[in-house]
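# pasted the sequence and its predicted model underneath.
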Amino acid sequence: PGNYEAGTIDVNNVLLTLKNKDTNKYGIFDMETGKQEVPFKYDTIEFVGEHEMSVTNDTNRYVVDMATGRVIYKGDKSMNVKTFLGDTYTWVYNKEGNYKILSLDGTVTETSVMKDISGTGSFSHGYSPVKIKGKWGIINSKGELVVPSIYDEITIL
């Protein structure tokens with residue numbers, strides 16, 4: 001019981017984010033047991049992987065391993081995080097077009113190629129579609145353009 005607003009559901013782990021409307025802070029509850037797993041202390045919470053969540057607090061964004069509590073990434077609140085979607089890499093980016101590759105081990109990769117990126121797809125097997133100057137190519141997890149950006153669209157199977 002309380003003054004809560006339901007948020008998003010992590011169907012893999014049967015978790016639910018709740019917003020405490022009195023404090024405007026989010027926490028996480030286990031939907032099977034009803035146990036509170038994460039206290040009400042974050043401005044936002046998003047599930048971004050099987051065991052990863054992206055949270056904001058004050059001016060910072062964190063990507064946290066929910067199983068261990070380990071902080072995988074800490075950056076400015078303006079950065080967004082795409083989902084890992086079964087890969088060990090994803091993108092962190094902001095609206096100004098600053099793209100970086102984040103790995104589950106906490107490594108952040110930024111190369112000169114990334115300054116020209118205007119869109120990305122999800123990583124699959126360590127590769128991601130990237131849009132550069134209106135055309136699509138493929139970048140690897142090291143930040144190297146391995147397929148030139150000359151295509152109207154790309155789907156990695």
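Right, received. Where do you want to start?
# going forward, measure contacts between C-alpha atoms and count neighbours the same way
Noted.
# show me the residue at the heart of this structure, geometrically.
V81 (2.9 Å; C-alpha atoms, centre = their mean).
# which residues of the chain fall in helices?
Counting by DSSP state H, the chain forms no helices at all.
# show me how the record splits it into domains.
1-81, 82-157 (automatic domain parsing).
# ok, F40 touching D22?
No: F40 is beyond contact range of D22, at 10.6 Å (criterion: C-alpha atoms under 8 Å).
# what about the closest residue to V63 other than its chain neighbours, distance to Y42?
Leaving aside its sequence neighbours, V63 sits nearest to S54 (C-alpha to C-alpha, 6 or more residues apart in numbering; 4.4 Å). Relative to Y42, S54 is positioned 10 Å away (C-alpha to C-alpha, to the nearest Å).
# please say which of those two ends up with more neighbours.
Neighbour totals were compared for S54 and Y42, and S54 leads with 25 against 19 (other C-alpha atoms under 10 Å).
# tell me how far the residue nearest to the centre of the chain lies from N98.
12 Å.
# okay then, goodbye and thanks.
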